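> the following comprises the amino acid sequence and a computationally predicted model.
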Amino acid sequence: MSSQTQASHFSGGFTAPPIQSAKAFRAAMTAMARPGEIKDITGATPPEGLSVAAGCLLLTLCDPDTGLYLASDVDRPAVRDWITFHTGAPFVRPEQADFAIGGWSALAPLDRYRIGTSEYPDRSATLIVELPCFDTPNAELRGPGIKSSTEIWLPDIGPFQANSMLFPLGFDTYFAAGSQVSALPRSSRITPLSNKGG
């Protein structure tokens, strides 16, 4: 039905933008500042293909000045229309992206994304990785924002270890599952938990 299509494209944003966007922004920033911690993030109702958490991140972090790459598994007309209506973010190639979103395998290869420069390390991409759920941790994290150590599940440990070795260059990563989010900044040092797989 056309009304359902319209609802999918043009509704589903924050119903109380000042409050919900502030809460979502705080959740996103707290997740990045405290690597590995899982935070609730709600308020958006994105179209099929995006989790609630991913939708909230896009509404919070994207605007007409942030280039967004949609991986093949989330790149569909309803998603593009919803993002355009609510954020105005332009769709770009991976090499130009400020943010890239999709499932882990669909986002590959990772060497397409910007990692910043020595003069401007902040000119790098942030990945938003859609996950079905947060699984049993398979890696240990240490570094800024972590009191001693913490544990996290990563879809593939090796690429994140390689990325962290580039610090202060490298990409940052959000993981979105349902209405929850966690993050892995490039500054975190990663060690596999051999007794738990990975």
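That came through, no problem.

> how many residues are close by Glu48?
9 (other CB atoms under 10 Å). Quick note: C-beta positions are derived from backbone N, CA and C, even for glycine.

> what about the residue nearest the centre of the chain, distance to Ala108?
Computing the C-alpha centroid of the chain and ranking residues by CA atoms, centre = their mean puts Ile128 first, at 2.1 Å. Taking CB to CB, to the nearest Å as the measure, Ile128 falls 14 Å from Ala108.

> what mean pLDDT does stretch 190-198 have?
Taken as a whole, stretch 190-198 carries a mean pLDDT of 71.

> returning to that earlier point: the residue nearest to the centre of the chain: what's it in contact with?
Counting by CB atoms under 8 Å, 6 or more residues apart in numbering, Ile128 makes contact with Ala54, Leu57, Leu58, Phe99, Ala100, Ile101, Gly102, Thr173, Tyr174, Ala176.

> tell me where the chain has helices.
According to DSSP state H, the chain carries its helices in the segments 2-10, 17-33, 52-61, 77-87, 104-107, 157-164.

> what about the residue nearest to the centre of the chain, distance to Leu61?
Distance of Ile128 to Leu61, computed by CB to CB: 8 Å.

> anything in contact with each of these two?
Common neighbours of Ile128 and Leu61 are listed as Phe99 (criterion: CB under 8 Å, 6+ apart).

> so who does Phe175 touch?
Val129, Leu131, Phe134, Val181, Ser182, Ala183, Leu184.

> swap in 7 Å and give it another go.
Val129, Leu131, Val181, Ser182 (CB atoms under 7 Å, 6 or more residues apart in numbering).

> who's the last one bridged to?
What that stands for is Ser182. Phe175 (DSSP bridges).

> neighbours of it, how many?
If you count neighbours by other CB under 10 Å, Ser182 ends up with 23.

> before we move on, what about the first one?
For Val129, the count of nearby residues is 22 (other CB under 10 Å).

> beta partners of it?
Judged by DSSP bridges, the bridge partners of Val129 are Gly102, Phe175.

> quick one: it from Ala28, how far?
Val129 sits 14 Å away from Ala28, going by CB to CB.

> coming back round to it: which one of the contacts of Phe175 sits closest to His86?
Val181 (17.8 Å; CB to CB).
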